[in-house]
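*Asks:* Can you look at this prediction? I've put the sequence above it.
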Amino acid sequence: MKKITKLGVLVMVVAMVLSLAACSGGTTTSGDAKKYVVATDTTFKPFEYENEKGERVGIDIDLLAAIAEDQGFAYELKAVGFDAALGEVSTGQSDAMIAGMSITDERKKTFDFSDPYFDSGVVMAVSSSNDTIKAYADLKGLNVAVKTGTEGSTFAESIKDQYGFTTSSFPDSANMYEDVKAGNSAALFEDYPVVGDAIASGVPLKMVTEMEKGSSYGFAVKAGENAELLEMFNTGLANVKANGKYQEILDTYIKK
């Protein structure tokens, strides 16, 4: 009788396990909903930066939050720097990135981009005390500072042979500004809202050229992957533009 009871209990346990497995197969509960990992830059104000409270803020950060709320998806933000973010997505450590990333044909070989969410442009800036450099031709024989991976860097590289200057690359905006302030570099090339915000925040620089038209910024995923996330971003972007939230975000960070 004891042996029969043990066998019966064993059969019941196996039956319950199989039943639970059958019920859970192919379904996902709301608590197990996928959370996307999104990489971003650390210092690309006003697109992404840390405020005085230690909070991660900026156009990209607020825009991602608004789109995620509109589309109902969860995400984890990883502020790792621009170059590291590129690596995170290309190796699958992060699902996507939003970091003031210009949409270029070269990058399209590695990434799939969303619809453009911001149209940028490049300006040249010098120390506020510099009255000798007013045009590209004044850079002959001098060095200029750029930030790695930016539209400003791409533009500087495209004209440096024509105007006879050299470039030094920096991983973040703060070090680039310091290099110009210290006189190690005669000027810098940077996206106009970024350097404009720096000047408004008290960095002793001034813009000395008209804005050169640049590329558009896009949200990016690894080529061929996370198509559903890209689709949600595009749909959410269209919605927040239509309801006014997009312009509200721009007005918060870009002072006219």
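*Replies:* Okay, I see it. Fair warning: this is a prediction, and the values are worked out from it, not measured in the lab. Numbers count the residues shown, from 1 in each chain.
*Asks:* gap between the closest residue to Val57 other than its chain neighbours and Val80?
*Replies:* Spatial nearest neighbour of Val57, excluding adjacent residues (CB to CB, 6 or more residues apart in numbering): Asn51 at 5.1 Å. The C-beta positions use only the backbone N, C-alpha and C, and glycine is treated the same way. To Val80, Asn51 is 18 Å away according to CB to CB, to the nearest Å.
*Asks:* now Asp112
*Replies:* Distance check for Asp112 against Val80: by CB to CB, it reads 20 Å.
*Asks:* picking up where we left off before, tell me how many other residues surround the residue nearest to Val57.
*Replies:* 10 (other CB atoms under 10 Å).
*Asks:* Adjust the sequence numbering to begin at 168 for everything that follows.
*Replies:* Will do, 168 is the new start, and the previous item becomes Asn218.
*Asks:* Give the buried residues for stretch 271-280.
*Replies:* 274, 278-280 (16 or more other CB atoms under 10 Å).
*Asks:* Inside helices: which ones of the residues you listed?
*Replies:* Among the buried residues of stretch 271-280, no member falls in helices (criterion: DSSP state H).
*Asks:* Ala353: which of these is nearest?
*Replies:* Arg274 (29.3 Å; CB to CB).
*Asks:* Can you verify my assumption that that closest one contacts Ala387?
*Replies:* Yes. Under the criterion of CB atoms under 8 Å, Arg274 is in contact with Ala387, at a separation of 7.4 Å.
*Asks:* joint contacts of those two?
*Replies:* The contact sets of Arg274 and Ala387 overlap at 268, 280 (CB atoms under 8 Å, 6 or more residues apart in numbering).
*Asks:* Need the pLDDT of Gly175.
*Replies:* pLDDT for Gly175: 44.
*Asks:* Please enumerate the helices of this protein.
*Replies:* 169-191, 226-238, 249-257, 318-330, 340-348, 359-367, 394-409, 412-420.
*Asks:* Nearest to Ser269, out of these?
*Replies:* Closest among these, once you apply CB to CB, is helix 318-330, at 4.9 Å.
*Asks:* Run through the neighbouring helices and strands of the closest one.
*Replies:* When contacts are defined as 3 or more CB pairs under 8 Å, 6 or more residues apart in numbering; DSSP states H and E, helix 318-330 sits against strand 285-294, strand 310-314, strand 333-337, strand 354-358, strand 379-384.
*Asks:* average model confidence for it?
*Replies:* Throughout helix 318-330, pLDDT has a mean value of 94.
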